[in-house]
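In: I would like to see how this sequence folds:
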Amino acid sequence: MILSQIASIYDPLGFAVPVLLKAKILMRLVISRSESKDGGIKWDDPLDISMVKEWKMFFKELYELERLTFRRSLIPSNVVGKPSLILFSDGSMQAYGACAYVRWQTGEHEFESHLIAARNKIAPMKQMSIPRLRESILKEFTWKFEAIYHIVDSSIIRSQIQKESHGFNTFVAVRIAEIQIKTDPKEWWWVDSTQNIADMTSRPCKPEKMEENLTGKMDPSFNFTN
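Out: Residues are numbered from 1 along each chain as shown. Predicted structure coming up:
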């Protein structure tokens, strides 16, 4: 019943991934219990009371998504020049993810940003490449981006991307090499963790916390460094 409900959720652009992440984490917990050495729970076994409570709370929160609205158009009426593509990424012990925004200049010192898409996966992670999200966007859109920014809140990761990949162990080197092949290391920037919106893709989030980050004017205090 749970799996059927989750499979019925249609979110191709990933606008609801901060909320749906909780379902992924809970589902993994159910599966891990079914695979436990002592036999665990079987396919037709009822869940224990504590797990049922968690799932009921999740499905109740889903109704709150009905209050959220998304703009169909990603282009403001008063744009100046070409847009910029900004991709945030973040990871935690629970999951890792990325979200992509298009940023338009709408005035001399004013910018407006709109969420294009978001993706996340729970840990332990299979290889998920942030550059692939970028490639998908560049392929689907006819816009010519003035600049592309990849933003992380880890100075260590940003530093690794600036170095030659052969200096790392195999696991890290393969991923660094893919990033360096598909992106320009100069496109990677650092931002304080308090301003990394991708944090919402790597940790479960309630619907009411999402709305302010979907669209609107970019905070003038937002600052990232190379």
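
In: For the closest residue to Asn78 other than its chain neighbours, the count of nearby residues, please.
Out: What sits nearest to Asn78 in space, not counting adjacent residues and going by C-beta to C-beta, 6 or more residues apart in numbering, is Thr106, at 5.1 Å. Yep, even glycine has a C-beta here, placed from its N, CA and C like the rest. Using other C-beta atoms under 10 Å, Thr106 has 16 neighbouring residues.

In: Quick check: Thr106 touching Pro76?
Out: Yes: contact criterion C-beta atoms under 8 Å: Thr106 and Pro76 qualify, at 5.4 Å.

In: Spell out which residues are contacts of both of these two.
Out: Both Thr106 and Pro76 are in contact with Glu112, where contact means C-beta atoms under 8 Å, 6 or more residues apart in numbering.

In: Tell me where the chain has helices.
Out: Taking DSSP state H as the criterion, the chain carries its helices at 2-7, 17-34, 49-62, 130-140, 155-162, 170-182, 199-202.

In: For the last one, name the packing helices and strands.
Out: Okay, so that is helix 199-202. Here helix 199-202 touches helix 17-34, strand 80-91, strand 95-105, strand 111-122, going by 3 or more C-beta pairs under 8 Å, 6 or more residues apart in numbering; DSSP states H and E.

In: And for the longest one?
Out: When contacts are defined as 3+ C-beta pairs under 8 Å, 6+ apart, helix 17-34 packs onto helix 2-7, helix 49-62, strand 95-105, strand 111-122, helix 199-202.

In: what does the longest one rub up against?
Out: In this case it means helix 49-62. Residues outside helix 49-62 that contact it (C-beta under 8 Å, 6+ apart): 2, 5, 9, 19, 22-23, 26, 29-30, 46-47, 206-207.

In: Alpha carbons only: can I get it in PDB?
Out: The C-alpha trace of helix 49-62 is given here as PDB (Å, rounded to 0.1, in the frame of the first residue of the first chain):
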ATOM      1  CA  ILE A  49       2.700   1.300  15.400                       C
ATOM      2  CA  SER A  50       5.700   3.700  15.400                       C
ATOM      3  CA  MET A  51       6.300   3.200  11.700                       C
ATOM      4  CA  VAL A  52       2.600   3.600  10.900                       C
ATOM      5  CA  LYS A  53       2.600   6.900  12.800                       C
ATOM      6  CA  GLU A  54       5.500   8.200  10.700                       C
ATOM      7  CA  TRP A  55       3.800   7.300   7.400                       C
ATOM      8  CA  LYS A  56       0.500   8.800   8.500                       C
ATOM      9  CA  MET A  57       2.300  12.100   9.300                       C
ATOM     10  CA  PHE A  58       4.100  12.100   5.900                       C
ATOM     11  CA  PHE A  59       0.900  11.500   3.900                       C
ATOM     12  CA  LYS A  60      -0.800  14.300   6.000                       C
ATOM     13  CA  GLU A  61       2.000  16.700   5.000                       C
ATOM     14  CA  LEU A  62       1.400  15.900   1.400                       C
END
